[in-house]
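Student: got a sequence here, can you model it:
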Amino acid sequence: MNKLLGAAIASALLQILLCYTAVSGVSWEEWWTYDGISGPAFWGLINPEWSLCNKGRRQSPVNLEPEKLLFDPNLRFLHIDKHRINGLISNTGHSVIFTVENETRHHINITGGPLSYKYQFHEIHIHYGLHDQFGSEHAINGYSFPAEIQIFGFNSQLYSNFSEALHKAQGIVSISLLLQLGDLSNPELRILTEELENIKYGGAEMPVNRLSVRGLLPETDYYMTYDGSTTAPACYETVTWIIINKPIYITKQQLHGLRRLMQGDARHPKAPLGNNFRPPQPLHHRAVRTNIDFDLSKYPGKTCPSMHRDMHYKAFIDFGSTCNTITETVCKELNLEFYTCTRNIVIRGFGGSKITPIGEVVVNVNVDEAICETKAYIVPDIAQGIGVIIGQPFTEYPNVYVIKTPTSLNMYNANILTELPNIHETADRIRLVTDETVVL
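Tutor: Model prediction:
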């Protein structure tokens, strides 16, 4: 009964909204929101031209499940022109958007990856939450990030501008960058967030000069891709999505600046702009492809990778680190039994990011013929671009030079140590030993 009553009330309110909009002549663009009766669940109802928002079967965003990714060896590396551009950053009342200036002579082109055409950069959208637990539109295994940046371009070989391409086949590309909290931020992101105080209210805009779109991306060539839609009305199913496999970092101060933004003007600020994300939509049997090759056992005569034998992983030995980390996927493939951390542990990762381990596991590490039992932390796949990082310092290893400072213990392979303190080298002899030998 309560559900029926709630549905009736919602229907009545929706009719009032429709009548008011028709009488007042207010644009539909001003009426959709991210919550309530004009939120995502109602987008396809309040405007017939937005029916795809409710009926479409290739909608975005989606929840990405690593175990269901399809490796495609034909996917190329993505290319984005490196030169800098000028534009405007604005508070639209729905989102924070950076748009390239119309007079730009040297356009930024996006090519490669899964794209068959050349795409021209047009704008950047920032989605974020009012709390750290959510904010991104795309999710990884149900895990949301505090924010997400989406870089949009249009097919410049088939269409003359972004507006035309928006509702045409193969019209749009969107590159998704998931944002993680860290002590240090991406420098190009700082260029954008420095203007937040000047666009606190809806309708405000400020010029931004010399932004590198390419510089927003993390150092990785790997991504996931699928065919989807725009994540705001009219939900056109014309977007090729490319989700980069590593996050970039945003500080608490920058997130605080975003969370101070308001939807309305200074006289009627309305609600905060944050929580401007659409929930994940059903995949409906769409394939999510990746250029990350998870099948790392490709040698004739070898046993199946599921037997956890002769599997090759890329590992990095970093004696400057104070712990070992293994991604969740590698942990599962090696059939390692891990246990939850006995105390609250936070690992300071790349770029000053803070990572909460999923659990701990005891392993044996072999370096320069010396074996020592040690602990490794299991971390989410998104936290690091490679499967295994060995960094726990031990003083018993032969051929290893140890440098102790007041704050850390740094170790280096003596065979490659040439001068101090600038050496942070890698070693090529390393093994992780579980129940069966696994060569790295």
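Student: from here on, contacts and neighbour counts on C-alpha atoms
Tutor: Will do.
Student: tell me which residues of stretch 157-175 come out buried.
Tutor: Within stretch 157-175, the residues that count as buried by 16 or more other Cα atoms under 10 Å are 158-159, 162, 165-168, 170-175.
Student: residue 148: what's it in contact with?
Tutor: Contact partners of residue 148, counting by Cα atoms under 8 Å, 6 or more residues apart in numbering, are 126-128, 135-138, 176-179.
Student: in strands only, show me the buried residues of stretch 157-175.
Tutor: Among the buried residues of stretch 157-175, DSSP state E puts 172-175 in strands.
Student: wait, which of the buried residues of stretch 157-175 is closest to residue 69?
Tutor: Nearest to residue 69 among these: residue 175, at 17.5 Å, using Cα to Cα.
Student: count the residues that sit near residue 287.
Tutor: Here the number of neighbours of residue 287 (other Cα atoms under 10 Å) works out to 13.
Student: picking that back up, give me the subset of the contacts of residue 148 lying in helices.
Tutor: Using DSSP state H to define helices, no part of these is located there.
Student: so of these, which ones are in strands?
Tutor: Using DSSP E, 126-128, 176-179 are the members of these that sit in strands.
Student: before we move on, back to that, just send the buried residues of stretch 157-175 back as TSV, with pLDDT and distance to residue 87 too.
Tutor: Formatted as TSV, the buried residues of stretch 157-175 follow (pLDDT from 0 to 100; distance: Cα to Cα, whole Å):
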residue	pLDDT	distance to residue 87
158	97	24
159	98	21
162	98	15
165	98	20
166	98	20
167	95	24
168	96	25
170	95	25
171	98	22
172	99	20
173	99	19
174	99	18
175	99	19
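Student: can you show me the helices along the protein?
Tutor: Along the chain, counting by DSSP H, helices occupy 2-24, 43-46, 52-55, 162-165, 187-193, 252-259, 328-333.
Student: could you tell me the least trusted of the ones you listed?
Tutor: Sorting the helices of the chain by mean pLDDT places helix 2-24 lowest, at a mean of 43.
Student: give me the local confidence score for residue 311.
Tutor: At residue 311, the model reports a pLDDT of 40.
Student: residue boundaries of the strands in the stretch 151-300 of the chain?
Tutor: Ranges of strands in the stretch 151-300 of the chain, per DSSP state E, counting those that start in this stretch, are 172-181, 205-211, 223-228, 239-244, 248-250, 289-290.
Student: and residue 279, which of those strands is closest to it?
Tutor: Residue 279 lies closest to strand 223-228 among the strands of the stretch 151-300 of the chain, at 13.8 Å (Cα to Cα).
Student: in its sheet, what does that closest one sit against?
Tutor: Taking DSSP bridges as the criterion, strand 223-228 sits next to strand 239-244 (antiparallel), strand 289-290 (antiparallel) in its sheet.
Student: these: which one's closest to residue 67?
Tutor: Evaluated over the strands paired with strand 223-228, closeness to residue 67 peaks at strand 289-290, with 11.4 Å, by Cα to Cα.
Student: show residues contacting that closest one.
Tutor: In contact with strand 289-290 (Cα under 8 Å, 6+ apart) are residues 69-72, 75, 222-226.
Student: next one: stretch 110-120
Tutor: For stretch 110-120, contacts defined as Cα under 8 Å, 6+ apart pick out 75-81, 107-109, 121, 153-157, 172-173, 225, 240.
Student: distance across stretch 207-218, terminal residue to terminal residue?
Tutor: Criterion Cα to Cα, to the nearest Å; first-to-last residue distance in stretch 207-218 is 25 Å.
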